[in-house]
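Novice: sequence unknown, structure follows:
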């Protein structure tokens with residue numbers, strides 16, 4: 001996309017951490033790609049899973065992004081548990097503290 005001056009326009013999309021079903025930066029073919037699956041909610045309240053990916057400058061940058069996402073998942077999970085949106089199960093499948 002270009003702005004009226006013919007320069008590349010920068011756009012920023014935002015995603016809710018709680019709606020990201022999966023993310024990865026562990027690829028053997030293109031190790032600098034960070035990808036995630038996002039649960040998009042439609043107007044009729046049905047949902048679809050959309051795949052997104054970004055090309056990072058390096059494998060290390062992709063890994064850093066994945067690590068940041070993992071930290072965001074943990075914070076969101078613990079916040080949702082503490083305010084009652086997620087209930088602790090007895091199955092042992094909870095995220096490690």
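Specialist: Looks like it came in fine. Values in this document were obtained by computation on a predicted structure and should not be read as measured data.

Novice: so how far is the helix or strand encompassing residue 71 off the chain centroid?
Specialist: Assessed by DSSP states H and E, residue 71 sits inside helix 59-82. Centre-to-centre, helix 59-82 and its host chain are 8 Å apart (Cα atoms, centre = their mean, to the nearest Å).

Novice: Just list the residues touching the residue nearest the centre of the chain, thanks.
Specialist: Geometric centre of the chain, nearest residue: residue 20, 4.7 Å, by Cα atoms, centre = their mean. By Cβ atoms under 8 Å, 6 or more residues apart in numbering, the contact set of residue 20 is 36, 37, 38, 39, 69, 73. Bear in mind the C-beta positions are built from the backbone N, C-alpha and C, glycine included.

Novice: now swap in residue 49 and tell me
Specialist: Taking Cβ under 8 Å, 6+ apart, we find residue 49 in contact with 21, 37, 38, 39, 40.

Novice: right, and out of those, which lies closest to residue 13?
Specialist: Taking Cβ to Cβ as the measure, residue 13 lies nearest residue 38 of the contacts of residue 49, at 9.9 Å.
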